[in-house]
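Participant: okay, sequence plus prediction incoming.
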Amino acid sequence: MNLTGSLNLNLHKTLSSFQDSVDWAQLRHVSEKTTYRTVRDEKPDRNHISFDHGIMVEVLVNGHFGYAGTSDLSDSGVKRAFSKAVAMAKQASSFKVHDFSVLQRPMAKGHYHSPVTRPMDSISAKEISDIFVDATRAMKVSDKIVSRSATAMIVETEFFSVSTSGSDVHQKFSIVSTDFSATAGANGDTQTRSDSGGLARCLQVGAEVFDRASILERSKKLAEESVELLSAENCPETAMNLLIAPDQMTLQVHESIGHPLEYDRILGDERNYAGWSFVKPDDFGKLRYGSNLMNVTFDPTIPDALASYAFDDSGNPAKKEFLIKDGLLVRGLGGLESQARLDLPGVANTRSSSWNRAPIDRMANINLEPGTSKLSEMIASTERGVFMMANKSWSIDDYRNKFQFGCEYAKLIENGKLTKTLKNPNYRGTTVNFWNSLKAVSENRETYGSPYCGKGEPNQVIRVGHTTPYCLFSNIEVFGA
């Protein structure tokens with residue numbers, strides 16, 4: 001899928017006719033192909049392909065931005081969208097909260113391509129289906145297995161943007177999200193184990209991700225663990241040390257760090273829909289968010305992570321920045337517009353979900369940096385605790401402060417050793433107290449992602465990535481079903 005050849009010249013030609021009538025303008029073309037492949041209980045269930053493409057026209061008039069999207073890619077269609085964007089900017093400028101300028105839309109030139117070893121067109125639908133049929137067959141480890149599934153979502157996206165300030169950016173993404181799940185049932189109880197707790201193994205990769213041997217091995221193990229959970233004890237209700245695996249740490253980072261640090265939430269722009277934040281502008285440089293082992297970065301430069309890119313949609317170049325350094329909150333998640341409004345440093349995270357949405361502050365790759373501990377040492381140092389993995393449920397308040405998470409699978413830790421399997425494990429806490437109880441961070445990390453982070457009005461479902469280690473917390477409230 002390559003639309004940048006003749007389209008490149010057309011965009012520049014159309015853009016040139018806007019040059020003298022606005023302070024600034026940008027055309028951003030997005031084309032996307034999405035493929036779904038699903039097998040349930042050894043039978044193909046869903047094979048679906050969809051295409052979407054269009055252009056977002058963005059303008060700056062009277063210190064205010066205006067937007068209009070169109071799927072009519074003709075010159076006349078784009079010019080109609082331009083007129084709508086100008087009218088919107090002029091009308092809204094009478095009520096603007098800030099006087100913006102071209103400083104919030106720097107010139108950007110460059111390209112980005114996902115690191116693909118094997119192109120997606122090198123594998124057929126039949127090959128993927130055959131692997132998935134075998135995966136669900138491998139899950140049939142017991143008569144207690146009542147449901148088995150294997151799913152892939154393959155997204156191939158191309159962004160191409162030009163602006164009157166000289167920007168010329170091409171970014172091409174290859175994204176594969178997979179999930180394998182087995183459910184066991186007996187005596188009125190059902191237990192599910194999935195490959196990643198519902199978040200999906202979602203990366204910027206190619207067809208190399210469909211490795212039959214590793215998929216079959218993972219699938220069988222998940223099924224065995226779902227059966228094992230049926231006879232397991234419930235997680236005890238008490239306060240104890242809590243060791244969390246990277247697949248669950250992904251959601252913990254996402255909900256209790258990523259969202260509360262988004263500047264538009266702090267400004268109150270999101271409070272009517274997705275909520276706001278307990279973090280205040282004065283907290284930056286002062287708030288002890290966590291223990292001195294806590295180091296969190298915004299990093300869209302990790303090669304295979306889901307939300308890596310070269311430039312955000314404002315043209316701001318992407319680079320790694322510390323959000324929390326040695327436990328101290330130092331920087332938030334705000335693009336150039338929010339940075340200007342708050343007079344605080346931010347990051348390159350002005351992003352839109354597609355051609356028909358205006359860019360807003362979004363987290364990208366929010367990562368917990370590795371520590372120095374080995375996983376075996378973290379277990380050995382724990383006299384009594386619980387080791388939880390794979391998210392099952394979550395709840396967090398509008399301020400991103402009080403939370404409760406449930407996991408699929410857990411092991412009791414007794415005298416430095418993993419002992420009993422526990423089912424229905426849950427834990428709860430408040431954000432700052434929880435992160436200040438962090439007592440050990442592993443030296444190795446794993447990368448996960450979510451393609452379904454929702455925010456904004458109208459809603460924007462966008463992709464985010466998280467690379468996280470194993471983390472050990474002290475005196476956390478845990479409980480069973």
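Facilitator: Done, it's in. Numbers count the residues shown, from 1 in each chain.
Participant: the chain: helices as residue ranges?
Facilitator: 5-16, 75-92, 125-138, 212-230, 246-253, 263-267, 336-342, 375-380, 431-436 (DSSP state H).
Participant: give me the contact list for stretch 269-284.
Facilitator: Counting contacts by CB atoms under 8 Å, 6 or more residues apart in numbering, the residues outside stretch 269-284 that touch it are 259-262, 264-266, 268, 287, 329-332, 342, 344, 360, 397-401, 431, 454-457, 459. Every C-beta, even on glycine, is put in place using the N, C-alpha and C of the backbone.
Participant: please pick the buried ones from those residues.
Facilitator: With burial judged by 16 or more other CB atoms under 10 Å, the buried subset of the contacts of stretch 269-284 is 259-262, 264-266, 287, 329-332, 342, 344, 360, 399-401, 431, 455-456.
Participant: the residues you listed in strands, which ones?
Facilitator: When strands are assigned by DSSP state E, the members of the buried ones among the contacts of stretch 269-284 inside them are 329, 360, 455.
Participant: which one of those is nearest V386?
Facilitator: When these are compared for distance to V386 (CB to CB), L329 comes out closest, at 28.5 Å.
Participant: buried set for stretch 55-68?
Facilitator: Of the residues in stretch 55-68, those buried by neighbour count under the rule 16+ other CB under 10 Å are 55-62, 64-68.
Participant: actually stretch 386-403, not the one I wrote
Facilitator: 386-392, 394, 396, 399-401, 403.
Participant: farthest pair within those?
Facilitator: Farthest pair in these (CB to CB) is F387 and Y399. Separation: 29.1 Å.
Participant: what's the neighbour count on the closest residue in space to I244 that isn't next to it in sequence?
Facilitator: Among residues not flanking I244 along the chain, C471 sits closest, at 5.2 Å (CB to CB, 6 or more residues apart in numbering). C471: 26 surrounding residues under other CB atoms under 10 Å.
Participant: so how far is L251 from C471?
Facilitator: For C471, the distance to L251 (CB to CB, to the nearest Å) stands at 13 Å.
Participant: show me what contacts the residue nearest to E127 when sequence neighbours are not counted?
Facilitator: If you skip the residues right next to it in sequence, E127 has F210 as its closest partner in space, 7.3 Å away by CB to CB, 6+ apart. By CB under 8 Å, 6+ apart, the contact list for F210 reads 123, 127-128, 131, 152.
Participant: can you redo those as TSV with neighbour count?
Facilitator: Written out in TSV, the entries for the contacts of F210 read as follows (neighbours: other CB atoms under 10 Å):
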residue	neighbour count
I123	17
E127	13
I128	22
I131	21
A152	23
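Participant: quick one, domains of this structure?
Facilitator: By the assignment in automatic domain parsing, the chain contains the domains 5-231, 234-479.
Participant: just name the most buried of the ones you listed.
Facilitator: Among the domains of the chain, the stretch with the highest mean neighbour count (mean count of other CB atoms under 10 Å) is domain 234-479, at a mean of 20.
Participant: and the average pLDDT for that one is what?
Facilitator: Taken as a whole, domain 234-479 has a mean pLDDT of 97.
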